[in-house]
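Q: Fold the following, please.
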Amino acid sequence: MAELLFIATTIFVAYVVFVVMGGKKEKPETSKPEPAKPEASKPAIQTELTPPPPAAVKTAEKSAPAKAATPKPAAPKASKSAPAKKAAAPAPAAPVDSLKNPKTGEVAKIPASYAFAKRWIKDALVEEGLLDKVYKNNELDDAANAKIQAALQQLKGMSKYQ
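A: Below is the predicted model of the structure:
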C-alpha cells in the first residue's frame, strides 16, 4: 500500500513540476487573437479577483520542495528565427549605461558612486589618463567626485569600452 501511495505521489509531483515549468511548448501563433466580447470578459475578471481555494495553496506548498530536488531540464535549442531577432535588436540611439572591459569582455554598469565602481573601471580611468591615481574611499571629497564623474563620462564616450 505504501508503494502505491509513493508512486501516486511521485507522479503527481512530476505533473505539478511539468505544469509549473511551462509544460508543452507550442509554437506561438502569428495571427492576432480576436477581441473578447464584453459579456465574456466579465466572468474572466471576476475569476481573476477570486483567491485560489485553500487546497490549491497547500498543493503548491507541498510541491515546492520537490521542485528544488528535481534535475533542471537542458537548455532549449536555438530556433531558426533567433538570428532575425538579433539583427533587429540594436537600437541606434540607445544611451550607454554600461562599460565593457576590453581585456576580459566583462560588462559592468556605470557606477553612480566611485566607491562602488569595479576595480577594472578605476584602473581604466588611470590607464587612459583621465585620472592621476586610483582614489581610496577616504580621499573622496566634492572636488574629487566632480573630477571622477567627468572622467567617467569621458570613458563612457570611448569606443574601446563600449
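
Q: What count of nearby residues applies to residue 117?
A: If you count neighbours by other C-beta atoms under 10 Å, residue 117 ends up with 22. C-betas here are computed from N, CA, C, even on glycine.

Q: For the closest residue to residue 111 other than its chain neighbours, give its distance to residue 14.
A: The shortest distance from residue 111 to any non-neighbouring residue, by C-beta to C-beta, 6 or more residues apart in numbering, is to residue 117 (4.1 Å). From residue 117 over to residue 14 the distance is 47 Å, taken as C-beta to C-beta, to the nearest Å.

Q: got the domain boundaries for the chain?
A: Described in terms of automatic domain parsing, the domain architecture of the chain consists of the residue ranges 1-23+38-72, 98-161.

Q: Pick the most buried one from those.
A: For those, the stretch with the most neighbours on average is domain 98-161, a mean of 14; neighbours defined as mean count of other C-beta atoms under 10 Å.

Q: Tell me which other helices or strands the longest helix seen in the chain touches.
A: Across the chain, the helix with the greatest residue count (assigned by DSSP state H) is helix 2-20. The contact analysis (3 or more C-beta pairs under 8 Å, 6 or more residues apart in numbering; DSSP states H and E) places helix 2-20 against helix 54-69.

Q: what residue ranges in the protein score low on pLDDT?
A: Low-confidence regions of the chain, defined by pLDDT under 70, span residues 23-96.

Q: now with 90?
A: Counting by pLDDT under 90, the chain contains low-confidence residues at 1, 17-99, 101-102, 105, 108-117, 137, 140, 152, 155-162.
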